[in-house]
Every structure is written in structure tokens, then in C-alpha cells.
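K.L.:
give me the fold of what follows.
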Amino acid sequence: MVNTVKIDYKKGMESIENKFLRLPNIQKYEVDRKTEDGFIASIEMDDGFTFKIYVYFVQQAYPSTVIQLIEKKSNDTGVSILVSPYISDRTAQICKENGMGYFDYAGNCWFVGHSIYLSERGNKNPQPKQCSAVSVFERSSVVSSLILRELFADVTRVWKLKHLSEKVGCSIGQVSKVMVFLVKNAWAVKMTDGYVLSEPDAVLTEWSRTYGKKEIFSYPCYSLDNTSVLEGKLRKLKQDMGIETYLTGFSGGVRYAPVVRYNKVHVYIAPEDIREAIDYLGIKEVDSGANVIIFPLENDSYIKDCRIVEGDMVVSPLQIYLDSMRLKGRGEEMAEAVMKKEIIKW
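P.N.:
Residues are numbered from 1 along each chain as shown. This next block holds a predicted model:
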């Protein structure tokens, strides 16, 4: 059953009425009756054609809520419209794909019916605070990150909360928080035997967007050596000094999907080892023109499922995706290639 909440009907009704009555080909707009979760209105066109719109008010238009609404909407001949204080881009897309109109309180809308086409986007409408949404995808949220990484180890696996919490080593409550968030956004579904990702590619897109919002601290350096020599020195760094290094970005990504040429090495090194590594490699910190970027290994989630590929220690394909999406140039191409080859394999 769709979870609807009583909201400001008057504001919603006025926003729809004002939009329609401004159209020159509308002769009459009239609300027939209110319903449990909205109202039904009749619209008469200047050519005499009349049709009904079925309006549904929803306090929080989560994608999952809208999908349920679309499934239960009236079968009568008419057009359905969703009204909510805030409608995300993802919810708007779901509405459009299913032929459901939408209006928010800032004036953003989309509607197609008979000879009417309404479309307005870009009006500022602050998203309601959703703490779980932010914390799940933040770089600093280590536990949520580990849960997501476990889900992406096999995107076809169905997980019970208890088994997932035991695998990650966290509480069931923490796992539940992540899964509820994914289900609300229609990125995962709850089945009789557990939870499974339904839109893993959409999760990755949103995760990388939040993950890359804040510029992370790094050590940009320059070396006279080419990438091949530099990577050879990184291997010797472990042998001679016992310092672990983990390739990422382009230099790590080509180990999984060699789709780009690169002239810059991206690598994770533990914070306490970075100065010693810089001295050993014979590189210098620079403000511009860097061909070696060292990222501090702030927590072990970055190197979960790391692998030895072609003799080099490389972060997981998932971490490659997240890091490459932030890179200028062909970073997104690198990320997409690794995702298709190594992460989402149906």
C-alpha cells in the first residue's frame, strides 16, 4: 500500500490549477471531487474534448513510493499526476517513463495529455534533509561503504540482513539502514528470502556523485621517470622498505580494462609511509604538472578486495570506478569500462 501523508492540499491544488488555466487551449478546469489521497479534476479543451486528471499527493516522493503509486493508479481513462513538495530527478524520470505527470511546490512540472505539453525544470527547490542518504554514500562512512562493497561483490546475490551483518562485521541495524535507503530509492528490492540489488548501475552513479563531491587531500608529485619505471619502483618499495602501495585511477584501471593510455600514476599509500615513499621514489611535490598522485589510505574500505594484477597490487574494480569517475579526461570512460567488465556481470 502506498504511504501517503496529509500535506498542503491547497498549495498543491493551486499550483496545478494555475498551470492549466494559463494555457490558451484550456476552456475549463474544474475539480470534481477530493479523494483519500488527492482529487479528480475535469479539463475541457477549446475543441470540446474533455478528459480527467487523477491527482495524488505524496509527502515524500521516494522512487519506490512512486512506483507503487503507478502500479495502483486508476484504470479509468485519464491522466495521473503526482504532487509532492520535492521531486528528485530520479523520481521525475520514473514518472515520465510511465506517463505520470508531476508537480512540485517550486513550479517544476511535467505533463502530457491530449494536445497539452507542460515541462518546467530548474526552479530551486531544496531537497528535504535525508541524513541516511548522505551518510550511506559519503567517503567517511566506513561501515556503510563496506556494506555496499559486499553487495557489489556479487550483484545477483540475495542477502539476509543477519548474514550480511556477519559478513561485514557490523550490527543488523546498520545493515538495515543501508537496505531501507536502497529500497526507498528503488535500487534494491525486498524479497521473501532477503534483499537484492535491482538497479546496481544507478547505485554506482549516485554513489560516485556523492563520493566525488568533496576534493580529497592528496600529494601531487613529479618524476622524470615514465609510468612504467615509476610502477616498477613502487613494486620495489614493498620489497626494499616494506611499504604497501595500491594502484588506482588510470594506472589501476588499465589492469582490469585497458581502454585508455595514461601518463599519470595514481596510488594509495598509508599516511605514515608517504614521506618515506616520496624520498625512496625520488619524486618531488609540485603545485602543477604532477605525474604521480599519492592518496592517503585513510581507511581499509578503500582496499577491500584489492588484487595482484600483472605483479602490481591494485584496488578493487569498485574502488577503481569510484576514483576514476572523479578524474578529468577519460576518467568516466575508464570507470564505465571497468564497471561493465568486472562489476556488473549479469
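K.L.:
count the residues that sit near residue 78.
P.N.:
17 (other C-beta atoms under 10 Å). All C-beta spots, glycine's among them, are computed from the backbone N, C-alpha and C.
K.L.:
what's the neighbour count on the residue nearest to it when sequence neighbours are not counted?
P.N.:
Closest residue to residue 78 apart from its sequence neighbours, by C-beta to C-beta, 6 or more residues apart in numbering: residue 52 at 3.8 Å. Residue 52 has 16 neighbouring residues, counting by other C-beta under 10 Å.
K.L.:
and for residue 24?
P.N.:
6.
K.L.:
what comes up buried for stretch 181-190?
P.N.:
By 16 or more other C-beta atoms under 10 Å, the buried positions in stretch 181-190 come out as 181-188.
K.L.:
helices of the stretch 101-250 of the chain, residue ranges please.
P.N.:
For the stretch 101-250 of the chain, helices defined by DSSP state H, counting those that start in this stretch occupy the ranges 131-137, 142-153, 161-168, 172-184, 200-211, 227-241, 249-253.
K.L.:
can you give me the strands for the stretch 51-200 of the chain?
P.N.:
78-84, 101-104, 109-113, 116-120, 188-191, 194-197 (DSSP state E, counting those that start in this stretch).
K.L.:
just the closest of the buried residues of stretch 181-190 to residue 43, please.
P.N.:
Proximity of these to residue 43 (C-beta to C-beta) peaks at residue 186, which lies at 30.2 Å.
K.L.:
identify the residues contacting the residue nearest to that closest one when sequence neighbours are not counted.
P.N.:
Distances taken as C-beta to C-beta, 6+ apart place residue 63 nearest to residue 186, at 3.9 Å, with adjacent residues excluded. When contacts are counted by C-beta atoms under 8 Å, 6 or more residues apart in numbering, residue 63 touches 88, 90-91, 94, 184-186.
K.L.:
check those residues and tell me the two furthest apart.
P.N.:
Maximum pairwise distance among those (C-beta to C-beta): 12.8 Å, between 94 and 184.
K.L.:
buried set for stretch 19-38?
P.N.:
Judged by neighbour count using 16+ other C-beta under 10 Å, the buried positions of stretch 19-38 are 19-20, 23, 29, 37-38.
K.L.:
what about it, distance to the chain center?
P.N.:
36 Å (C-alpha atoms, centre = their mean, to the nearest Å).
K.L.:
for it, give me every contacting residue.
P.N.:
Against stretch 19-38 from outside (C-beta under 8 Å, 6+ apart): 2, 4, 9, 13, 17, 39-47, 52, 54-58, 83, 103, 109, 111, 115-116, 118.
K.L.:
how many neighbours does residue 157 have?
P.N.:
15.
K.L.:
list the contacts of it.
P.N.:
The contact partners of residue 157, taken as C-beta under 8 Å, 6+ apart, are 151, 196.
K.L.:
against residue 150, how distant is it?
P.N.:
Counting by C-beta to C-beta, to the nearest Å, the gap from residue 157 to residue 150 is 9 Å.
K.L.:
pLDDT wise, what is the residue nearest to residue 78 at?
P.N.:
Residue 52 is assigned a predicted lDDT (pLDDT) of 89.
K.L.:
identify the bridge partners of it.
P.N.:
residue 42, residue 78 (DSSP bridges).
K.L.:
please apply the same query to residue 119.
P.N.:
According to DSSP bridges, beta-bridge pairing links residue 119 with residue 110.
K.L.:
right, I'll leave it there.
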